[in-house]
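In: just the structure for this:
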Amino acid sequence: MSTNNPLYVALDFPRKEQVLQFLETNGLKKVPVKVGMELFYREGPSIIEDLKKRNHPVFLDLKLHDIPATVKRAMTSLASLEVDIVNLHAQGGSAMMQAAAEGLDIGSANKKPLLLAVTQLTSTDDMMLSNELLINGKSMEEAVIHYAVLSKNNGVDGVVCSVKEVPALRKACGKDFIALTPGIRQSDAEHHDQKRVATPEAAGEAGSDCIVVGRNITQSSDPFAAYKKMKEEFLNGVRKNSTPTA
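Out: Below is the predicted model:
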């Protein structure tokens, strides 16, 4: 299974006009994009419609987490937007994930979106895992892999996790279980509020199926060149990962 899109540009803008101008001005036609809470909550389904008219594959990143019945109805509605990927929090549990998959089945008239589960946010570190989330006695990797296996067993197509957990994910869930990795930075870039980060090439080498990149592209002096460079670096890592060793 694959997303078919190696790099999604995170459109972290507050308004639709800014998004469309950014994409048009910088020649980013038809590139895969991620629409998150900030943009979707202000603009609603119209931003998805405008992006689809311009042939952009869309990852709708809303991270649903609620009781199963609510998530099922929400996913039924989101499926009608015909985006490529939707997601939820794996911490919602088995019944919620099953309900989400059922909702997508009900709401999809044509191609059903891929369903991904967020394991642990890339802003979470081991101290927060233990002291605030009270997941004691488990490493970050153990927690992520637990959620990944739970997701796979309950109708989810893959997970959102950091690059650091991808090798273990491959061993636990196989190569067909999607690993989408955010927290991607150039080696000399600031980490901002993300703590578990990696370069595009490292993501490819680790076995990620696709990456999400925001500020390193959207705040670049040349977003198109930054997009091309990071995409090629990721694909170079993928090629290294797939090259047999002697």
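
In: so which elements touch the helix or strand containing Ile48?
Out: Per DSSP states H and E, Ile48 falls inside helix 45-53. Using 3 or more C-beta pairs under 8 Å, 6 or more residues apart in numbering; DSSP states H and E as the contact test, the elements touching helix 45-53 are helix 16-25, strand 33-35, helix 37-43, strand 58-64. Where C-beta positions appear, they are placed from N, C-alpha and C, glycine not excepted.

In: I'd like those written out as CSV, with mean neighbour count, mean pLDDT and distance to Ala168 added.
Out: Converted to CSV, the helices and strands packed on helix 45-53 look like this (neighbours: other C-beta atoms under 10 Å; pLDDT from 0 to 100; distance: least, C-beta to C-beta, whole Å):
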stretch, mean neighbour count, mean pLDDT, distance to Ala168
helix 16-25, 15, 97, 35
strand 33-35, 24, 98, 24
helix 37-43, 16, 96, 29
strand 58-64, 21, 98, 22
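
In: just tell me which of the ones you listed ends up closest to Ala74.
Out: strand 58-64 (5.8 Å; C-beta to C-beta).

In: send me that closest one as CSV with only the CA atoms.
Out: Presented in CSV, the C-alpha positions along strand 58-64 are these (Å, rounded to 0.1, in the frame of the first residue of the first chain):
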residue,chain,number,x,y,z
VAL,A,58,-4.9,16.5,-0.1
PHE,A,59,-4.0,15.2,3.4
LEU,A,60,-6.7,16.5,5.7
ASP,A,61,-5.0,16.6,9.1
LEU,A,62,-7.7,17.0,11.8
LYS,A,63,-6.6,14.2,14.2
LEU,A,64,-10.1,13.2,15.3
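
In: packing partners for that strand?
Out: Looks like strand 58-64 contacts strand 33-35, helix 37-43, helix 45-53, helix 68-79, strand 85-89 (3+ C-beta pairs under 8 Å, 6+ apart).

In: okay, these in JSON lines with distance to Arg170 next?
Out: Putting those into JSON lines (distance: least, C-beta to C-beta, whole Å) gives the following:
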{"stretch": "strand 33-35", "distance to Arg170": "23"}
{"stretch": "helix 37-43", "distance to Arg170": "29"}
{"stretch": "helix 45-53", "distance to Arg170": "31"}
{"stretch": "helix 68-79", "distance to Arg170": "27"}
{"stretch": "strand 85-89", "distance to Arg170": "20"}
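
In: mind checking which of these is nearest Asn136?
Out: Of the helices and strands packed on strand 58-64, the one closest to Asn136 (C-beta to C-beta) turns out to be strand 85-89, at 19.9 Å.

In: pretty sure Ala90 contacts Met97?
Out: Yes. Contact status for Ala90 versus Met97: in contact at 7.1 Å, counting by C-beta atoms under 8 Å.
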